[in-house]
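# A predicted structure for the sequence below; I have some questions about it.
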Amino acid sequence: MGVEGIGARVVRKEDKRFITGKGRYTDDHKVAGMMHAAFVRSPHAHAKIKGINKSAAEAMSGVEAVLDGKQLTGDAIGNIICGWMVHSKDGSPMNMGAWSALATETVRYVGDAVCIVIAETLEEAKAAAEAVEVNYDVLDAVVKATDALKDGAPQLHPEAKNNLIFDWEIGEEEATDAAFNKAAKVVELDIRNNRLVPNPMEPRAALVQYDTAEDHLTLHTTSQNPHVARLVLSAFYNVAPEHKLRVIAPDVGGGFGAKIYIYPEEIACLWAAKRLGVSAIKWTADRTEAFLTDAHGRDHVSKAKMAFDKDNKIIGFKIETVANLGAYMSLFSSATPTYLYATLLSGQYNIPTIHANVKTVYTNTVPVDAYRGAGRPEATFLVERMMTKAARELGEDPAELRRKNFIRSFPHQTPVIMNYDTGDFDASLDAAMEAADYKGFAKRRDEAESRGKKRGIGMSCYIEACGIAPSAAVGSLGAGVGLWESAEVRVNPVGTVEILTGSHSHGQGHETTFAQLVSDRFGLPGENVQIVHGDTDKVQFGMGTYGSRSGAVGMSAIVKALDKVEAKAKKIAAHLLEAAEGDIEIKDGEVLVKGTDKKLAWHEVCLGAYTGHNLPEGMEPGLKEGAFYDPANFTFPAGCYICEVEIDPDTGTTEIVQFVAADDFGQIINPMIVEGQVHGGVAQGIGQAMMENAVYDDEGQLISASYMDYQMPRAGDLPSFQVSHQTTPCTTNPLGIKGCGEAGAIGSPPAVINAITDAIGTERFVMPATPHRVWQAINGGEGHDIAGAT
Amino acid sequence: MSKVNITVNGKATSATVEDRLLLVDYLREGRNLTGTHVGCDTSQCGACLVMVDGKAVKACTMLAVQADGTEVQTIEGIATDGNLHPMQEAFRENHGLQCGFCTPGMIMTGIDMVNRHGTDLDEKTIREDLEGNICRCTGYHNIVKSIAAGAKAMAN
Amino acid sequence: MYETIYARADSVSDAASKMGSAGDGKYISGGMTLLPTMKQRLAAPDALIDLTSIGDMGGVDSSGRSVKIGALATHNEVNSSSALRSACPALADLAGWIGDPAVRYRGTIGGSIANNDPAADYPSAMLALGATIHTNSREISADDFFTGMFETALSDEEIVTGISFNAPEKCSYEKFRNPASRYAMAGVFVAKHADGVRVGVTGASQGGAYRWTEAEDALNANWSPDALDGLAVDEGDMLSDIHATAAYRANLVKVMAKRAVAGAK
């Protein structure tokens, strides 16, 4: 592997700028003549706009303009779309309501943008936004998805009768019902997956520059996928044609899904700059705006039942889920509770037949979309809570019930689309149980009891799917885009290498990991490799980073391009060294003829490619190759997490006394970075399980709209983690990578809740397990409203 | 408007500022020191942490006029003679950062911990003293390791 | 933040006179509560009178059991005062539970007391310690000072200059933090004085910090955690919100009180 090659714990190249304060995030950029934007936002969850009086605001000092939704639609700016078509089980297409970047007639959630104010300073923009008088006719609001489906509920969009967006199913209903008819035992579970606010630490921001002479717009923005942003802004929102719009995602301070989407603010700033002929406009969200406008995550309510035969083998699984999509359909909102959720309901288990029904619903809340894990945490929580509850009801050890039902033969076709290529679920379970000293738990529980504490242990054997693919397959399921990735490898005449990638790093360390591929291939030091990403002017196209795809898909594209570079370099070297192409080897920065002492330095071959003085007959000069990689299948990271907790029954306080993660991510390029991804993912999963909850009141006000009321996990809330890896390489991509970005957030919530329910001896329990709720559960009290306040 | 004189990273600076101007905006907008970040509006996240007269202070919760006459040190000012501060180095060595946004505040907090508790920091102390710094990427695991290692390195 | 005018006062009288000439001014010291409120545009004082340059208004002094703390003493100073730690360790501990290290460098005891946030820590201690609140015009007993949520006996221009108390024989503070804000969801300060026990409670009640007199009576009869077993905290007085029901807060008050008695030293 070499010191900087595949498998090495290479310290990150990008860190230098971050630890010295030289990172360049969107809000750090400043240009001459830059004006500032602030938004007038709806204080009501549901209301008709009767009138807008802008005159006082327009007259205020420094104010350039106050623009509203009618002006925006009047300029033919398109509605915000959901890019994945899902059909109901009756064949009808999803019922998508109109979403204008600035509301025209109706506001549908608190925070819905009504006007954009442009002023010379930020304080002036904010003051003027406050002075805009919007006259509202307040309507009844509905915030819970289950309520929104009821007769007589407030109606959000004329396109969606009873607020139903679609009523979708997967699997065989009849066969599943038949399985339940012959079941020896049926286990039931009602479950809620709490609504979360993603909260990357860098708030969203946009800096628009408008070149009036060229009629060209440049957008610096906090995006995980600048090319997708440009495509959508151009093709659907009509902001500017693609060749007149450059999108740059510079350093981005975390994404977690929330920065995939194209939001009203970017659209409005681009439109306003062009309409007003203003050279530059900047908008940066404050944290309150982030709570009120960043797409939220999760928010499912489900009923599930699992059928077992007399030997405790699973024979059927049936699920009904209602998913809250908020006030509008965000970019991938339809895919998250369907193809990213129900397709994982087979978990790690042989289940002959599954049927899932998913209803998605409009409510007067912030739009909900993919958040770290996106559908897979919801599926895993359901399956793994079910397995533990079933084990308890069937009188089996939770580990043994899982083992009894593990899939052990691959490839394995599940009843819900997915075809698992490989895995070794016993290996992760064994490793986790060993690391957690699972056998010694009973003794630890007794010891804790002697101190008046309740101790519990819980596990979760998760499987997830990354690198959503292949494009033709996702296209047939309704995706509006292909989910390949691009790469270009530019070898300079001096032998240094630039990798242009369509992946985008916002914390994942691509500048290091991607460079390791080059070091591994050619034996070049990492410092001779530069990774270029996040700029539509530099990288032709790419799909960006989400869904743990940059390893499995992004790096596979780089490998393909490197293959081409290597092949051409070898041809050149064979020609120069008068050897057979098959005898050429590139190693440690040298190009050798195997079995001889004939060799060239790497840079001599590169220079030769560019001088063109002595190339093989008919070969074009240069050493630069591009590739598009379209995966043959999803990848399937899997693993086992074990959580052990100790609960203070007097206060309900839960302490995680140990957390073990055993993951199979296939081939790992940089273990240090992969472990960091697991740590962060697990922290977010523990956050969901124990701390985080977006709470709306009945009027649709987001009560938990700041860190004063939304508990972000802090250092003192978390333990150190024990992490290990088992490796069964993915069989469908060249590196054998499965992906590691989301597993922690997917696998951990059920492990935590299984541990807590073990400790307190009740199954009816709703996340997050705050001290308050745990105390209530111990005391047999309330707090078990599965439908819950959203 | 008031005139302020603030020594920033060893350099005397002076400006006439609005009384409502926050120290963080003075640094970011006025001095172009954009390593100090704003991550929340409730003074909880610590991305804006700087040293004011040697003590860790949230620059989002101090007016520039309150800092008049003080010495302020930001993340840009802790390396000496082109050498990274040991706490900076420790964050790199221990993968104590991912997106980098909270990192300047974390590093300043780590240095402040050493100022208060010395160079031998245990995990419990570090976790407790990170109360005012929020990270969304790392799960804190490697931040804790980084601060412990950085503190040890500061002993030398 | 709305526009405001900032002025440093160099003496208590200068501060009062500056406040007198302001329309709707606010005193500021650390500003740990005031500035976030102003940033959110929830407060708009037209003047900020900074007290931190006033001499003789800081420091932590104790001689024997008599303790005096200047209003400008920061939470960090209170937390790290060795004099206080030997006279009344629970109060030093309490200061270490406020906010986070950066907040403790700036926030002051005077500011916290004058603001009387219902979830602030100090008010419970002032009540339990039977402290005297000193202002630029008078001395007010803690029992008379805290008059309700965010309400005190202070008049508009009045400035808290310090607090004093006689250290009890034993005392302890137990705090159960709101998991999100980290303010007290229930904080109980128990003090055993020569002339009786006093119990101050913060974070839990609709009326702000209060003395739990039933607990005082029970502990006067029997200084032991078990003495509280038979008591029930009235849920009707408790706050209820998304973080905790009144029932849970009532439970926490009792649990924290018992733990405080058990840990008193």
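Great, that's in hand.

# helix or strand: which one has residue A:567?
helix A:555-577 (DSSP states H and E).

# show me what that helix is packed up against.
Counting contacts by 3 or more Cβ pairs under 8 Å, 6 or more residues apart in numbering or on different chains; DSSP states H and E, helix A:555-577 packs against strand A:485-491, strand A:497-501, helix A:510-522, strand A:584-587, strand A:590-593, strand A:599-601, helix A:602-611, strand A:624-629. Heads up, the C-betas are built off the backbone N, CA and C, glycines and all.

# and the fifth one, how far out from the chain middle?
To tie it back to what came earlier, the one meant is strand A:590-593. 43 Å (Cα atoms, centre = their mean, to the nearest Å).

# assign residue A:258 to helix, strand or coil.
Under DSSP: H, G, I helix; E, B strand; the rest coil, residue A:258 falls in the coil class.

# what parts of the stretch 101-250 of chain C come near chain B?
C:101-103, C:105-106, C:182 (Cβ under 8 Å from any Cβ of the partner chain).

# who in chain B is up against chain C?
Counting by Cβ under 8 Å from any Cβ, the residues of chain B close to chain C are B:2, B:18-20, B:22, B:41-44, B:46, B:49, B:55-58, B:60-63, B:65-66, B:109, B:112-113, B:116, B:129, B:131-133.

# out of the helices and strands packed on helix A:555-577, which comes closest to residue A:127?
helix A:510-522 (41.0 Å; Cβ to Cβ).

# helix or strand right after the closest one?
By DSSP H and E, the next helix or strand past helix A:510-522 is strand A:529-532.

# tell me the mean pLDDT over that next one?
For strand A:529-532, the mean pLDDT works out to 97.

# next: stretch B:134-147.
Rounded mean pLDDT across stretch B:134-147 is 98.

# say whether chain A is contacted by that stretch.
Yes. Residues of stretch B:134-147 are located near chain A by Cβ under 8 Å from any Cβ, namely B:134-144.

# in strands, which of the residues of chain B next to chain C appear?
Counting by DSSP state E, the residues of chain B next to chain C place B:2, B:49, B:55-58 in strands.

# quick one on the thing from earlier: so can I have TSV of the residues of stretch B:134-147 next to chain A showing neighbour count, secondary structure and distance to residue C:121?
Below are those laid out as TSV (neighbours: other Cβ atoms under 10 Å in any protein chain shown; DSSP: H, G, I helix; E, B strand; the rest coil; distance: Cβ to Cβ, whole Å):
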residue	neighbour count	secondary structure	distance to residue C:121
B:134	23	coil	21
B:135	31	coil	26
B:136	28	coil	28
B:137	30	coil	31
B:138	26	coil	30
B:139	30	coil	29
B:140	30	coil	25
B:141	24	helix	30
B:142	25	helix	32
B:143	29	helix	27
B:144	25	helix	26
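
# neighbours around residue A:248, how many?
Neighbour count of residue A:248, defined by other Cβ atoms under 10 Å in any protein chain shown: 20.

# so what pairs up with it in the strands?
residue A:220, residue A:535 (DSSP bridges).

# mind pulling up the pLDDT for it?
98.

# and what of the one 5 residues further on?
What the model reports as pLDDT for residue A:253 is 98.

# so what's the residue in the stretch 301-450 of chain A positioned nearest to chain B up against?
Nearest to chain B in the stretch 301-450 of chain A, going by Cβ to the nearest Cβ, is residue A:372, at a distance of 9.7 Å. By Cβ atoms under 8 Å, 6 or more residues apart in numbering or on different chains, the residues touching residue A:372 are A:198, A:256-257, A:297, A:681, A:684, A:741-742, A:745.

# buried stuff in the helix ranked longest in chain C?
Assignment by DSSP state H gives helix C:246-263 as the longest helix of chain C. Using 16 or more other Cβ atoms under 10 Å in any protein chain shown as the test for burial, helix C:246-263 gives C:246-261, C:263.

# do the same with stretch B:142-153
Under the neighbour-count criterion of 16+ other Cβ under 10 Å, stretch B:142-153 has B:142-151, B:153 buried.

# the residues you listed in helices, which ones?
Judged by DSSP H, the buried residues of stretch B:142-153 include B:142-151, B:153 as members of helices.

# need the pLDDT of the spatially most central residue of chain C.
Centroid-nearest residue in chain C: residue C:122, 1.9 Å away (criterion: Cα atoms, centre = their mean). On the pLDDT scale, residue C:122 is placed at 98.

# grab the nearest non-local neighbour of it.
Closest residue to residue C:122 apart from its sequence neighbours, by Cβ to Cβ, 6 or more residues apart in numbering or on different chains: residue C:112 at 4.7 Å.

# check contacts around the one you found.
Residues counted as contacts of residue C:112 (Cβ under 8 Å, 6+ apart) are C:33, C:75, C:98, C:120-123.

# out of those residues, grab the one that's most surrounded.
Those, ranked by neighbours (other Cβ under 10 Å): first place residue C:122, 34 neighbours.

# next, find the distance separating that residue from chain B.
Using Cβ to the nearest Cβ, to the nearest Å, residue C:122 is found at 18 Å from chain B.

# any idea how far chain A is from that residue?
Distance from residue C:122 to chain A, by Cβ to the nearest Cβ: 19 Å.

# show me how the chain divides into domains.
If you meant another chain, say so; for now it's chain A. Listed domain ranges for chain A are A:15-20+A:484-629, A:31-139+A:201-254+A:259-293, A:297-468+A:633-778 (source: automatic domain parsing).

# try again with chain B
B:2-76, B:86-155.
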